[in-house]
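**Q** task: produce atomic coordinates for the following.
(chains A and B)
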Amino acid sequence: GAGVSQSPSNKVTEKGKDVELRCDPISGHTALYWYRQRLGQGLEFLIYFQGNSAPDKSGLPSDRFSAERTGESVSTLTIQRTQQEDSAVYLCASSLIRAQPQHFGDGTRLSIL
Amino acid sequence: SQQGEEDPQALSIQEGENATMNCSYKTSINNLQWYRQNSGRGLVHLILIRSNEREKHSGRLRVTLDTSKKSSSLLITASRAADTASYFCATETSYDKVIFGPGTSLSVIP
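**A** Numbers count the residues shown, from 1 in each chain, chains lettered A, B, ... in the order given. Presented below is the predicted three-dimensional model:
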């Protein structure tokens, strides 16, 4: 596609449920990032993938959060046993290589009831 | 404080005026980038300035970088209502990490 695509655009779920968020990066982009953005706040780095290298997971806030990426394609961010504090917009971005300008999707707005 | 911090947190101006936002950082950088985020959307890359550059222009945007003061400024000239958005600086450190600041919320009043 022309840009980074994220799905779903909105997700409402009950506390304790697991959720899976999807990101389709721009074709050919080797770098992929996940961020969390709470209302009115800046971006909180979660995880970074670069090609087939081991991902940088240093931003994941707890072991309830995990992410996968197959090669240089789709990535999924999974949050297990969701808590109300997980409510936020989850943004995905991709770039040709690390530190090049990032192209963002419009995010998934996650609401935990 | 964070690696990148924008100042002011919020700015409200009249259409046609210039808007200036500042970004300060703490560690050495390879480059600094500015992004815009419209409400409910993802971030859009505006401009990248490398550590060996002092000034860069793109349309109505002017970015300066002062590595001795570890600061950058984004100037939007002749602002328009459509410029209303949040603006973020992002610094690429020498460790290849890209860190975003908390942003400046700009309101341009028609």
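**Q** pLDDT weak spots in the chain?
**A** Assuming you mean chain A. Regions of chain A meeting the criterion pLDDT under 70 cover residues A:1.
**Q** not quite, I wanted chain B
**A** Checking chain B against pLDDT under 70 turns up B:1-3, B:95.
**Q** which residue ranges of it form strands?
**A** B:4-7, B:10-14, B:19-25, B:29-37, B:43-50, B:55-58, B:61-66, B:71-76, B:85-93, B:98-100, B:104-109 (DSSP state E).
**Q** want to try TSV for these, with mean neighbour count and distance to chain A as columns?
**A** Where you see a C-beta, it was placed from the backbone N, CA and C, and this is true even at glycine. Formatted as TSV, these follow (neighbours: other C-beta atoms under 10 Å in any protein chain shown; distance: least, C-beta to the nearest C-beta, whole Å):
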stretch	mean neighbour count	distance to chain A
strand B:4-7	22	9
strand B:10-14	13	10
strand B:19-25	21	12
strand B:29-37	22	6
strand B:43-50	18	4
strand B:55-58	12	12
strand B:61-66	18	13
strand B:71-76	20	15
strand B:85-93	23	4
strand B:98-100	23	4
strand B:104-109	18	8
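**Q** excluding chain neighbours, what is closest to whatever residue of chain A ends up closest to chain B?
**A** Nearest to chain B in chain A, going by C-beta to the nearest C-beta, is residue A:104, at a distance of 3.1 Å. Ranked by C-beta to C-beta, 6 or more residues apart in numbering or on different chains and with sequence neighbours excluded, the top spatial neighbour of residue A:104 is residue B:42, at 3.1 Å.
**Q** on that earlier part again, so the residue of chain A closest to chain B sits right up against residue A:95, yeah?
**A** No. Using C-beta atoms under 8 Å as the test, residue A:104 is too far from residue A:95 to be in contact (10.0 Å).
**Q** in contact with the residue nearest to residue A:104, which residues?
**A** Residue B:42 sits next to A:4, A:91, A:93, A:104, A:105, A:106, A:107 when contact means C-beta atoms under 8 Å, 6 or more residues apart in numbering or on different chains.
**Q** again, only using 6 Å
**A** A:91, A:104, A:105, A:106, A:107 (C-beta atoms under 6 Å, 6 or more residues apart in numbering or on different chains).
**Q** residue nearest the centroid of chain A?
**A** Per C-alpha atoms, centre = their mean, the C-alpha nearest to the average position across chain A is that of residue A:34, at 3.4 Å.
**Q** give me the element that one is part of.
**A** strand A:31-37 (DSSP states H and E).
**Q** what bridges to the closest residue to residue B:7 other than its chain neighbours?
**A** In space, and not counting its chain neighbours, residue B:7 is closest to residue B:22: 4.6 Å by C-beta to C-beta, 6+ apart. Beta-bridge pairing for residue B:22 (DSSP bridges): residue B:7, residue B:73.
**Q** over to the residue of chain B found nearest chain A: give its phi and psi.
**A** Chain A sits closest to residue B:42 of chain B, with a gap of 3.1 Å, by C-beta to the nearest C-beta. When quoted as degrees, to the nearest 10, the phi and psi of residue B:42 stand at phi -80, psi 180.
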